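> Whatever this is, show me its structure:
(chains A and B)
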Amino acid sequence: MDVNDLPLLELFTKLREAGLPLGIDEYQLVLQAMQAGFGINDQAALKRLCQTLWIKSTEEMQLFEHHFEQVMSSKAVLATSSTLAMTIRQRQLSQINRYVALAGACIIGAGIVWGITSRNQNQTTKDSAIPSQSPGLINPTPTPGTNPSATTAPQTNQIQNKSNWETIAPFISLAFKVVGVGLASASVLTTYTIIGWLTQRLSKQTANDDSSLLQETKDSDISSSLTQVIEDEVQVAQAVLQATSRSDQNSYNQFILSFDYLPVTQRQMKQMWRYLRRMIREGMPTELDVEATIKQIGYQGTFLEPVIVPRRVNRTELLLLIDQDGSMIPFHSLSQRLVETALRGGRLGRSNIYYFHNCPVEYLYQDPNHQQAELIENVLVQLRQERTVVLIFSDAGAARGGFNPERIDLTGAFVKQLEQYIRYIAWLNPMPRSRWLGTTAGEIAHLIPMYEVNRRGMQDAIDVLRGRSPNFQERIK
Amino acid sequence: MVEAVGRPFLEYTGKVQPQLGERGANGQLLYPYFPNPELVEAVNLAIYLERPLLLKGEPGCGKTLLASAVAYELGLKLEAWYVKSTSRGRDGLYNYDAVGRLRDAQLATSNRLTAEQILRIDDPTTSTYVRWGPLGRAFQQEQRTVVLIDEIDKADIDFPNDLLLELDQKRFIVEETGQEIKAKAAPIVLITSNDEKDLPDAFLRRCLFHYVEFPSRERLIQIVNALFPTSPQDLIDKAIVRFLLLREEMRKDKGEAGKKVSTSELIDWFRVLRRYPEDEALAKLDGKIPYAGVLLKSWDDHIRYLRQSRGRE
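Below you'll find the predicted structure:
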């Protein structure tokens, strides 16, 4: 089978490129479900099936709808999926034919043979009906003796019909033979011959199945390598952008898709926040500490009462400082995403978010519009030093590329003041590192560990905030 | 009840409904449930593929009730696990009464237990100190069980991840005794989430997902009809028109994400309306919303509604 003939592969690849975390497992699930008869009636049913299996949130649903419409308009997928449906029906039909043929032969032959063959047949059906768990197998065959590699419609018809005839013909000739022989002697020997012949045939069928499965395993390898090409999510985002610029969709769809064009996806951000944790036992003692209890029994010689300890909770408190307006305007959606993910996805003890412009001087603002001001000192005094980490999000002057000694001094003074109240600090810069050199940002990067906003950069920044940055001092030298 | 045995695989149709006033195995009242065809399909997929089905949708659209409806139709046992903010993954599997074990050991050393009791303590197979959770019980059933994990997003963010292995491989080990529990029949797992917190990716990957839509007008009429079969059709129609109007206003006002009046509130509201003679109730529906307190749950809604109804007069 050609890779391109795999049903729904185009849609699957498109969705993967759009950033949905789909793997071979998910693809296999759809095929498995389709073979059981789900989603093969019409396009709407197919859509529902894919939605149920591949989509995990309402946001992804919109992305899915977009790609589904696009792929379906090309009709290619519908064709393959309908052929799949057809082959399934044909398989059922040919299965029936086969049973009829078998039954005929066996009735004429001998009752014993019938018993054995039907048992054999059942067994093989059962064996192959168990869904294959190995990830390499894309298309576990549900029925024995069929030809799963044939999915192109007209050819399949012929092949199938021909093979049906081929299946039936020997049975008929056999039947005549059996009748003849049966009339002559009806000896035990004949029965054995028939059993031998049938078992041979059955084993041949299973061998056929195996080889076709092997073939498909190869195919699936190709398709998995095809889909794994896209590794970095930055490329994913670019692919989305290209997809949107190519298609002249309505503005709504374009908005949704281009909204995701950020160097770090929302999921990744959330995942990264989750690393920012410092577990401390705090609050009401509710958990039984078995080890301590046993130790206590050792001390006291007898068990008096269990040792109860509080549960572990994350006590990292985050102070997120965001540079707003001016050269940061292009990055507002990025900072907004930082804020959202920190509040929702992260499991932080507390997160405070403040805004500033260019450099925090005297005041920090609670809202992006700089309406509610708060004295920097007041903010800092409320921090709990042993728990608080600070993340600054700013281009540090790299966007416009100027060199501003005053800004460096001000930032330096602020950082010095800040460091008395907090544990760790890191800086995220939306501009690429290559643009920092010779600008204000280049100088500030010597004061504070500064990272680009991408997956690696954010990981490093979080590592710094966790107190794991042994190489910062070396790096700036 | 439909005979579930003898079919190639279990299939939920959504058409078998309990009679009014029928009670389930635990004595709770059963209600009819009217799923739309898409939901039925998703449930059947989950049953067939043996994967958990994650249900999202606005509050009150019937996510939780689905589990008992499925269990009723298929004639299976239902294990409900209502997740709390303090729940942990292991609670659904088992709890080990370490303190009880300790106490018994203590009593044994001071010779205050009978020989029989001591035997019971030492026997690892009886799992005297293990209390099974809903999943733990479901795994040990001969037949498939419907397991409802309600409001999974209420718990800690790690909670769903702690269940991955158990839901995937359908087995777990009681660490204290070393006993391995392997599912005899894969449970049908339905999970509901109110989207309060995001669920981890790894967990989502293993689930099927379905967004439960709010019932359509026809379906609402069907629901009210089923619950109050003796009610006059006029009243039902009018009440539902009024209800949907209010819902539409709320949607315009608060957008898709805001809290809107839901099915359960409609049922409560209709129950109140029904207590009055038909013409009186009909007359009430023409004016201001009667018994608005049943429908409007926040002060904001009240004010807004009062303002709107004043504008209409």
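
> these two touch, right, residue B:11 and residue B:47?
Yes - at 7.4 Å, residue B:11 counts as touching residue B:47 under the criterion of Cβ atoms under 8 Å. The C-beta positions use only the backbone N, C-alpha and C, and glycine is treated the same way.

> What residues does the stretch 251-400 of chain A have near chain B?
Proximity of the stretch 251-400 of chain A to chain B (Cβ under 8 Å from any Cβ of the partner chain) is limited to residues A:267, A:270-271, A:274, A:286, A:288, A:290, A:293, A:297, A:302-303, A:306, A:311, A:344-345, A:347.

> Need the worst-confidence member of those.
The member of those with the lowest pLDDT is residue A:345, at 62.

> Helix, strand, or coil at the residue of chain A found nearest chain B?
Proximity of chain A to chain B (Cβ to the nearest Cβ) peaks at residue A:56, 4.1 Å away. Three-state assignment for residue A:56 (DSSP: H, G, I helix; E, B strand; the rest coil): coil.

> Could you report the distance from the residue lying closest to it once chain neighbours are set aside to residue B:43?
Spatial nearest neighbour of residue A:56, excluding adjacent residues (Cβ to Cβ, 6 or more residues apart in numbering or on different chains): residue B:204 at 4.1 Å. Going from residue B:204 to residue B:43 by Cβ to Cβ, to the nearest Å gives 18 Å.

> Look at these two and report which has more neighbours.
For residue B:204 and residue B:43, the more surrounded residue by other Cβ atoms under 10 Å in any protein chain shown is residue B:43, and the numbers stand at 30 against 19.

> correct me, but the residue nearest to residue A:56 touches residue A:53?
No - contact criterion Cβ under 8 Å: residue B:204 and residue A:53 do not qualify, at 11.6 Å.

> what bits of the stretch 1-150 of chain A have low per-residue confidence?
The stretch 1-150 of chain A contains residues with pLDDT under 70 at A:1-5, A:74-150.

> who in it is up against chain B?
Residues of the stretch 1-150 of chain A lying near chain B (Cβ under 8 Å from any Cβ): A:21, A:23, A:25-26, A:29, A:32-33, A:36, A:38, A:45, A:48-49, A:51-53, A:55-58, A:61.

> need the strands for the chain, in chain order.
Going with chain A. In order along the chain, chain A carries the following strands (DSSP state E): A:279-288, A:308-314, A:317-323, A:350-356, A:363-365, A:373-375, A:388-393, A:424-429, A:450-452.

> nope, chain B please
Assigned by DSSP E, chain B shows strands spanning B:53-56, B:77-82, B:94-96, B:130-132, B:145-150, B:171-174, B:179-182, B:188-193, B:208-211.

> closest to residue A:354 out of the ones you listed?
Closest to residue A:354 of those, according to Cβ to Cβ: strand B:188-193, at 31.8 Å.

> Output that closest one as CSV, nothing but the C-alphas.
Only the C-alpha atoms of strand B:188-193 are listed here, as CSV (Å, rounded to 0.1, in the frame of the first residue of the first chain):
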residue,chain,number,x,y,z
ILE,B,188,-16.3,1.9,31.2
VAL,B,189,-14.8,5.2,32.6
LEU,B,190,-16.6,8.5,32.2
ILE,B,191,-14.9,11.6,33.5
THR,B,192,-16.4,15.0,33.8
SER,B,193,-14.6,18.3,34.0
